[in-house]
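S.K.: have a look; sequence and predicted model below, questions after that.
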Amino acid sequence: MRTTFDLSPLFRSTVGFDRLIDMLDQVSRVEPMTNWPPYNIEKAGDDQYRITMAVAGFSPDEIELVQQENTLFVNGQKHPEPEGVQVLHRGIATRAFKQSFNLADHVKVTGASLENGLLTIELKREVPEELKPRRIEIASGTGMKALAQDNQPQQIEHEPQQKSKAA
């Protein structure tokens, strides 16, 4: 039995979290078969993450990783079996798969490896220095000039323009 969640209260009370709410909305509509291949998402450090996917039977040249903006696409496509091979029982899945992961801002793929049927994708969040929080010193009132707003009309003095004589 599938339960559905009404996310409309979130839409009414949040500003600027459209992507997050869209992701939550998509998760509630996911079909059971789109969870293949199985995967884990781990936090490996303060700004380091790891995605591990079980892709037994796939070789590195049959898997494609593409990061486009804030989305990581993982596609797997088996090469056709050689002529003359007759499989009597297929227990290892060889169907193609497409999986996408929405990444937070400034998260980049730093590496990927395939070992023992597990695809491991290393990710790191690298926030540029100009976007990192910075502490702002507060000056004491004695050292700063007071900025006051003066609504009094100001008189602007103009120097008289000299007329040029035409000869």
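M.R.: Right, received. Where do you want to start? Since the structure is predicted, the reported quantities are computational estimates derived from the model, not experimental observations. Numbering: from 1, shown residues only.
S.K.: got the domain boundaries for the protein?
M.R.: Following automatic domain parsing, the chain resolves into domains at 1-30, 35-127.
S.K.: all the helices of the chain, residue numbers only.
M.R.: Secondary structure of the chain (DSSP state H): helices located at 8-13, 18-28.
S.K.: give me the neighbour count for the closest residue to Ala104 other than its chain neighbours.
M.R.: Nearest non-adjacent residue to Ala104, counting by CB to CB, 6 or more residues apart in numbering: Arg125, 6.6 Å away. (Each C-beta comes from the backbone N, C-alpha and C, glycine too.) Using other CB atoms under 10 Å, Arg125 is surrounded by 15 other residues.
S.K.: what is Arg125 paired to in the beta sheet?
M.R.: Bridge pairing for Arg125 (DSSP bridges) gives the partners Val107.
S.K.: which ones are touching Leu103?
M.R.: For Leu103, the contact set (CB atoms under 8 Å, 6 or more residues apart in numbering) comprises Gln67, Asn70, Thr71, Leu72, Leu123.
S.K.: what pLDDT does Glu137 get?
M.R.: On pLDDT, Glu137 comes in at 89.
S.K.: point out where the chain drops to low pLDDT.
M.R.: Applying pLDDT under 70 to the chain flags residues 1-34, 142-167.
S.K.: 90 - rerun?
M.R.: The chain contains residues with pLDDT under 90 at 1-36, 44-47, 56-57, 69-70, 78-95, 104-106, 125-137, 139-167.
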